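Novice: sequence plus the predicted model coming up.
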Number of protein chains: 2
Amino acid sequence: MAVRKDPRPCSIADALAVVGEKYSLLVLREACLGNGRFDQLVRNIGAPRDILATRLRRLVDAGILTKHAYSERPPRFEYRPTEAGLELEPVLMALKDWGDRHVRGGADLPMTVRHSCGSELVPRVTCQACGEPVRHEDLTAHAEAPGWTVAGPTAA
Amino acid sequence: MAVRKDPRPCSIADALAVVGEKYSLLVLREACLGNGRFDQLVRNIGAPRDILATRLRRLVDAGILTKHAYSERPPRFEYRPTEAGLELEPVLMALKDWGDRHVRGGADLPMTVRHSCGSELVPRVTCQACGEPVRHEDLTAHAEAPGWTVAGPTAA
DNA sequence: CGGGATGGGTTTGAATTCCCAACCGACCGG
DNA sequence: CCGGTCGGTTGGGAATTCAAACCCATCCCG
């Protein structure tokens, strides 16, 4: 799915080139949940088996999953998130939050996540420096490489 | 791209069904940057025009973009993020951060974003309740709807 | 030992998408 | 009138995806 001719050098595009293909993030969801076996992935995601096999190869190659043998004889594997994969989990949580609020009505959430602090997780993307939530109107983009021109005063 | 037979009710899957198709999040990136005109999108994203047209229709239908006329005679349009679209921008930032750190080496970032607090934005996904960064080992998933079974003690 | 189930895939052929290039209509500028 | 811009649409071939079937080694059961 690698965006063929992305004219802009951009880490968002780079990230999507790795995890932006169909099912990839759902595979990571399941891997993070501990459901990393091939047939679990097939059942829980509903992806065709061949597609799943290619995604898994790609995610392993990209260093997001590792293929871990949980049994020799017969050889059986489980796909587990690497450190890089685990660091993608907050993105997944932020996406889940957005989906909770904007796609699903906001009520009757199919699944919740509890944080170790004791309360139910409500993920917020914040600025590390000041701790404030990241809001569009507080952002300004700056080009560091050629290819970037920004029209308005808005930022991404 | 709606995942055809997603066996799990999941807000992540729901969100991806809307913005998970190829180019969709890059379109939103450009819209947030203020580069919302059709030919700007074509140039900056590098997507085929017909695909872009389909994505735009879908994003407008989903309430993520609006088609705003910036000129009558000749009729010219600009796609702008709605409130829901703007609320997806933090996810984009979190994704950019991951890409910065894991796909790109970590150095020579093509673009940076400044936060209104004065420092360069380093987005962190935090727990709203306690303010701590969201880390995999602090999470536990809980099923609220049928379809959910989690294998390990891990969580997503 | 035979017979079925399980796990982790690969193969096949049809259906769907994507991609590219060309085209179009409305307008403007010279 | 002629070229250029903008915002698309159209057509046809290339690439992906899909569903279902198949494969193969290994248990499990009797």
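Specialist: Happy to help now that I have it.

Novice: and A:V134, how far is that from DNA strand C?
Specialist: Computed as CB to the nearest atom of the strand, to the nearest Å, the A:V134 to DNA strand C distance reads 29 Å. From N, CA and C alone the C-beta is placed, and that goes for glycine too.

Novice: for A:A13, same thing?
Specialist: A:A13 sits 13 Å away from DNA strand C, taking CB to the nearest atom of the strand as the criterion.

Novice: wait, that residue touches A:V19, no?
Specialist: No: counting by CB atoms under 8 Å, A:A13 does not reach A:V19; the two are 11.6 Å apart.

Novice: work out for me the element A:R104 sits within.
Specialist: Using DSSP states H and E, A:R104 is not contained in any helix or strand.

Novice: now it: closest residue in space that isn't a chain neighbour?
Specialist: Excluding the flanking residues, the one nearest A:R104 by CB to CB, 6 or more residues apart in numbering or on different chains is B:S11, at 5.5 Å.

Novice: pLDDT at that neighbour, what is it?
Specialist: Looking at B:S11, its pLDDT stands at 96.

Novice: poorly predicted segments of chain A, please.
Specialist: Applying pLDDT under 70 to chain A picks out residues A:1-2, A:4-6, A:106-107, A:151-156.

Novice: what does it put close to DNA strand C?
Specialist: Residues of chain A found near DNA strand C (CB under 7 Å from any atom of the strand) are A:4-5, A:37-40, A:49-50, A:53, A:56, A:67, A:74-78.

Novice: that older thread, who touches the residue nearest to A:R104 in this structure?
Specialist: A:95-100, A:103-104, A:109-111 (CB atoms under 8 Å, 6 or more residues apart in numbering or on different chains).

Novice: count of residues packed around A:P74?
Specialist: 5 (other CB atoms under 10 Å in any protein chain shown).

Novice: where do the helices of chain A begin and end?
Specialist: With helices called from DSSP state H, chain A shows them at A:11-19, A:24-33, A:38-45, A:49-61, A:83-86, A:89-102.

Novice: coming back round to it: select only the buried ones of the residues of chain A next to DNA strand C in ChimeraX?
Specialist: Remark: buried members of the residues of chain A next to DNA strand C, expressed as a ChimeraX selection using 16 or more other CB atoms under 10 Å in any protein chain shown:
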select /A:37,40,56,78
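
Novice: show the contacting residues for the residue in chain A positioned nearest to DNA strand D.
Specialist: The nearest approach of chain A to DNA strand D comes at A:P74, 3.2 Å away (CB to the nearest atom of the strand). Contacts for A:P74 (CB under 8 Å, 6+ apart) come out as none.

Novice: so what does it look like in phi/psi?
Specialist: Backbone torsions of A:P74, given as degrees, to the nearest 10, read phi -80, psi 150.

Novice: tell me the contacts of the spatially closest residue to A:A129 that is not a sequence neighbour?
Specialist: Nearest residue to A:A129 in three dimensions, chain neighbours excluded: B:S119, at 3.9 Å (CB to CB, 6+ apart). Applying CB under 8 Å, 6+ apart to B:S119 gives the contacts A:127, A:129-130.

Novice: report the buried members of these.
Specialist: Neighbour counting with 16+ other CB under 10 Å marks A:C127 as buried within those.

Novice: neighbours around A:G147, how many?
Specialist: 13.

Novice: so A:S119 versus B:A129, what's the distance?
Specialist: 4 Å (CB to CB, to the nearest Å).

Novice: again but with A:L88, I slipped
Specialist: 22 Å.

Novice: now swap in A:V125 and tell me
Specialist: Counting by CB to CB - A:V125 and B:A129 are separated by 15 Å.

Novice: what do you get for A:E120?
Specialist: Taken as CB to CB, the span from A:E120 to B:A129 is 8 Å.

Novice: ok, the closest residue to A:V60 other than its chain neighbours - contacts?
Specialist: Leaving aside its chain neighbours, A:V60 sits nearest to A:K67 (5.8 Å; criterion: CB to CB, 6+ apart). Contact analysis of A:K67 by CB under 8 Å, 6+ apart lists A:56, A:60, A:77-79.
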